[in-house]
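**Q** Give me the fold of what follows.
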Amino acid sequence: MAASKLTRVTTTTLKVLEVLLTRAWLPRGTHAFALARLSGVHIGSIYAVLARLEKNSWVSGVWEDNPEVGKPQRYLYQLTDDGTIAAQHLLKERGLISSAPAQNSRYNDASDCVYDAL
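**A** So this is what the prediction gives:
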């Protein structure tokens, strides 16, 4: 399903998209707590944004295959192919990126918050 145009784009949505876009290289996705930490957005707001993005096919998610012993299974989010294109266009349109996100990101340091580091 192609990504639908978002009817509501908030600053929170833009922050989450920026993090998702710049972390697209992760093979399994990023969990909501890491997205909250990296974007500076409250965890409660993250879930509302992710639900809206998933409903519009900008992101997809899967449950973690092998959670660490003693830790709960987490839902991992990734931009879809169409969502990646739409996010790049939206962020560029808003002046938040000017080139390839990997070259323009404060979120690419894998040591900062990899999906299973928290």
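**Q** so residue 62, which of the three states?
**A** Secondary structure, DSSP: H, G, I helix; E, B strand; the rest coil: residue 62 is strand.
**Q** for residue 40, what are its contacts?
**A** Going by C-beta atoms under 8 Å, 6 or more residues apart in numbering, residue 40 touches residue 15. Heads up, the C-betas are built off the backbone N, CA and C, glycines and all.
**Q** Kindly provide the distance from it to residue 92.
**A** Going from residue 40 to residue 92 by C-beta to C-beta, to the nearest Å gives 21 Å.
**Q** Can you list the strands that the least confident helix or strand in the chain by mean pLDDT pairs with?
**A** Lowest mean confidence among the helices and strands of the chain (mean pLDDT, DSSP states H and E): strand 30-31, at a mean of 90. If you go by DSSP bridges, strand 30-31 pairs up with strand 75-79 (antiparallel).
**Q** what's the angle from the next helix-or-strand element following the strand it pairs with to strand 75-79?
**A** As assigned by DSSP states H and E, the chain's next helix or strand after strand 75-79 is helix 81-93. Between helix 81-93 and strand 75-79, the angle comes out at 60 degrees (axes from the mean of the first three to the mean of the last three C-alpha atoms, to 10 degrees).
**Q** Distance from helix 81-93 to the middle of the chain?
**A** Centroid displacement of helix 81-93 relative to its chain, using C-alpha atoms, centre = their mean, to the nearest Å, is 12 Å.
**Q** Mind listing what's buried along it?
**A** Buried positions in helix 81-93, judged by neighbour count with 16 or more other C-beta atoms under 10 Å: 83-84, 86-88, 90-91.
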